[in-house]
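**Q** dropping a prediction and its sequence here:
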Amino acid sequence: MYTKLALLIDGEWIEEASGGSETVLNPATEQALGTLPHAGKAELDRALKAAARAFEGWKRTSPFERGNILRRAADLMRERADHIATVLTLEEGKTLPEARGEIIAAAEFFDWFAEEGRRSYGRIIPARIADMRQTVTQEPVGPVACFTPWNFPAVTPARKIAPALAAGCTCIIKPSEETPWTTLEIARALTDAGLPNGVLNVVFGVPAEVSEYLIRSPIIKKISFTGSTPVGRHLARLAGETLTLATMELGGHAPVIVARDADVQRAAELSMAIKMRNTGQVCTSPTRFFVERPIYEEYLEHAKAFIGKQVVGDGMQASTTVGPVANNRRIMAMDDLIGDALSHQARLVAGGERIKAPGLMYMPTILADVPEHAKAMTDEPFGPLALVQPVDDIEQGLARANALPYGLAGYAFTRSAATANRISEQMQVGVIGINQMVVTIPETPFGGIGDSGWGREGGVEGLESYTVRKYVGHLHV
């Protein structure tokens, strides 16, 4: 099932490269899955040259034909969804149903941008003088470099590759070395769909070395990064040195406000279900829960009951509802944050420790009465940890929700239209869900503010971010 890993450069699958290699592990068993080659300078130079050469032809390929290739790739991804989902679960850990859902969602990004690429409209500006024609058009920015993390190894690359190719850009993507094969399967679907050589190149290696080399290349005209805020700051500085355009989707610490008029059981069960999706390893994961006091204990009871029904285990098992965390870094982070919170008199409602079993299994955890000065209230847990606090009113909930520099996602539950409007206007985030928690789909813009980054992916904005506008003033003489 897990075949040989490779780089994809200029249409060639390269199983051995000059940058060395590393072992890919299954987090459910901590056993080796395969050996991943690392790109060295020679491979990176080749990828850059391929992207530059292919750009000249790809930008002149009609949006109609580019869209046909993207749609064919989406169809292939759906046909191969069971296989790719199995690969994803083996290397990342999430349950098979979650993995299959992610593959289908990734295919939908290719469908959306296949059509949106045909609507990269310009405009005509009325001129001040006779015989002058003023037009504005969108053109592809050029070869782009994309960097993606391990937690969504299908959707996050798709959200970058699809608009880049639809806009007429070529792309070099460096996915996470911990989850390489899922992105390679997307690349295989594109090549099988007829994508010309060099339009998409997939490389792996030492992250800091690869990113610095690509960003500083004069060939790269834009970067798109999804990952932690500290790494994002570093890459933004590198991009600033060469004035390279950048989209940054960084960390989050999503607040949830539960108003006293909400459907308490539904709010508790839905928010905990989304909290434990992908074992809490989601940048938009709800993490800080601010519940009005009259319903606080009732909310905790429903949340605890829901968590008590979850089955933690290997994502390949049909009975599993919560898979392992992806790596030992998450185990150590969870232990540290939970221990610190408990030392500051937080109340343990559920979970709280690693499961003594094979693999990187951690109990879904709820902490109540977590004080503001606990480390977990400011450091993104990125794991199966929910932090719950009582608040006196919506005003206090908003103040606490907005207390951090992060501003990616936020959520609220209320039956009041006035309360919903107030929260949607005053919560300082890039995306917000009211009485539901789906905040990113292909046709809507996704991104944060503050320490959660800048720029948008998805929607018409996602396509525009890979283009530059050109003004032409033509006087007919």
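**A** Good, I have the coordinates. Numbers count the residues shown, from 1 in each chain.
**Q** what segments of the stretch 1-150 of the chain are helices?
**A** 41-58, 63-79, 81-92, 96-116 (DSSP state H, counting those that start in this stretch).
**Q** enumerate every residue touching residue 407.
**A** 252, 428-430, 448-452 (CB atoms under 8 Å, 6 or more residues apart in numbering). Heads up, the C-betas are built off the backbone N, CA and C, glycines and all.
**Q** and if we set it to 10 Å?
**A** With contact taken as CB atoms under 10 Å, 6 or more residues apart in numbering, residue 407 is in contact with 250, 252-255, 401, 427-431, 447-453.
**Q** would you turn the helices of the stretch 1-150 of the chain into CSV with mean pLDDT, mean neighbour count and distance to residue 377?
**A** Below are the helices of the stretch 1-150 of the chain laid out as CSV (pLDDT from 0 to 100; neighbours: other CB atoms under 10 Å; distance: least, CB to CB, whole Å):
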stretch, mean pLDDT, mean neighbour count, distance to residue 377
helix 41-58, 98, 19, 41
helix 63-79, 98, 19, 39
helix 81-92, 97, 23, 27
helix 96-116, 98, 22, 27
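**Q** ok, for residue 125, nearest residue in space, not its chain neighbours?
**A** Once flanking residues are discounted, residue 125 sits nearest to residue 134: 4.1 Å by CB to CB, 6 or more residues apart in numbering.
**Q** again with residue 196
**A** Excluding the flanking residues, the one nearest residue 196 by CB to CB, 6+ apart is residue 54, at 6.0 Å.
**Q** low-confidence bits of the protein, can you list those?
**A** 1-2 (pLDDT under 70).
**Q** distance check, the residue most central in space within it against residue 95.
**A** Centrality entry for the chain: nearest residue to the mean C-alpha point is residue 156, 4.4 Å, by CA atoms, centre = their mean. As for residue 156, its distance to residue 95 is 18 Å (criterion: CB to CB, to the nearest Å).
**Q** got it, and residue 397?
**A** 32 Å.
**Q** likewise for residue 105?
**A** Taken as CB to CB, the span from residue 105 to residue 95 is 15 Å.
**Q** also residue 33?
**A** Taking CB to CB, one finds residue 33 at 18 Å from residue 95.
**Q** circling back to that earlier point, what distance do you get for the residue nearest to residue 125 to residue 121?
**A** 15 Å.
**Q** in the stretch 251-400 of the chain, which spans are helices?
**A** 264-275, 296-308, 328-343, 394-401.
**Q** of those helices, which stretch is the most buried?
**A** helix 264-275 (a mean of 21; mean count of other CB atoms under 10 Å).
**Q** name the helices or strands packed onto that one?
**A** strand 254-258, strand 286-292, helix 296-308, strand 365-368, strand 385-391, strand 409-413 (3 or more CB pairs under 10 Å, 6 or more residues apart in numbering; DSSP states H and E).
**Q** check the offset of stretch 254-272 from the chain's centre.
**A** 24 Å (CA atoms, centre = their mean, to the nearest Å).
**Q** about what we covered before: okay if I get the helices of the stretch 1-150 of the chain as CSV plus distance to residue 221?
**A** Shown next, in CSV, are the helices of the stretch 1-150 of the chain (distance: least, CB to CB, whole Å):
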stretch, distance to residue 221
helix 41-58, 9
helix 63-79, 18
helix 81-92, 30
helix 96-116, 19
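**Q** residue 178 is nearest to which of those?
**A** helix 81-92 (7.0 Å; CB to CB).
**Q** export the closest one as CSV, just CAs?
**A** Below are the C-alpha coordinates for helix 81-92, written out as CSV (Å, rounded to 0.1, in the frame of the first residue of the first chain):
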residue,chain,number,x,y,z
ALA,A,81,-10.1,8.2,-2.8
ASP,A,82,-10.1,4.9,-0.8
HIS,A,83,-6.4,4.3,-1.7
ILE,A,84,-5.3,7.9,-1.0
ALA,A,85,-7.3,8.0,2.3
THR,A,86,-5.6,4.8,3.5
VAL,A,87,-2.2,6.4,2.7
LEU,A,88,-3.2,9.5,4.5
THR,A,89,-4.3,7.6,7.6
LEU,A,90,-1.1,5.6,7.7
GLU,A,91,1.2,8.6,7.7
GLU,A,92,-0.9,11.2,9.6
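**Q** shift numbering so it begins at 497
**A** Understood, numbering begins at 497; the last thing we discussed is helix 577-588.
**Q** show me what it is packed up against.
**A** By 3+ CB pairs under 10 Å, 6+ apart, helix 577-588 packs against strand 517-522, strand 527-533, helix 559-575, helix 592-612, helix 676-688.
**Q** now with 7 Å, please.
**A** With contacts taken as 3 or more CB pairs under 7 Å, 6 or more residues apart in numbering; DSSP states H and E, helix 577-588 sits against strand 517-522, helix 592-612, helix 676-688.
**Q** and the spatially closest residue to residue 776 that is not a sequence neighbour, how many neighbours?
**A** The shortest distance from residue 776 to any non-neighbouring residue, by CB to CB, 6+ apart, is to residue 880 (4.1 Å). If you count neighbours by other CB atoms under 10 Å, residue 880 ends up with 30.
**Q** and what of residue 940?
**A** 17.
**Q** equivalent analysis for residue 862, please.
**A** Count around residue 862 with other CB under 10 Å applied: 25.
**Q** can you tell me how far the nearest residue to it once chain neighbours are set aside is from residue 794?
**A** Excluding the flanking residues, the one nearest residue 862 by CB to CB, 6+ apart is residue 845, at 4.0 Å. As judged by CB to CB, residue 845 and residue 794 stand 13 Å apart.
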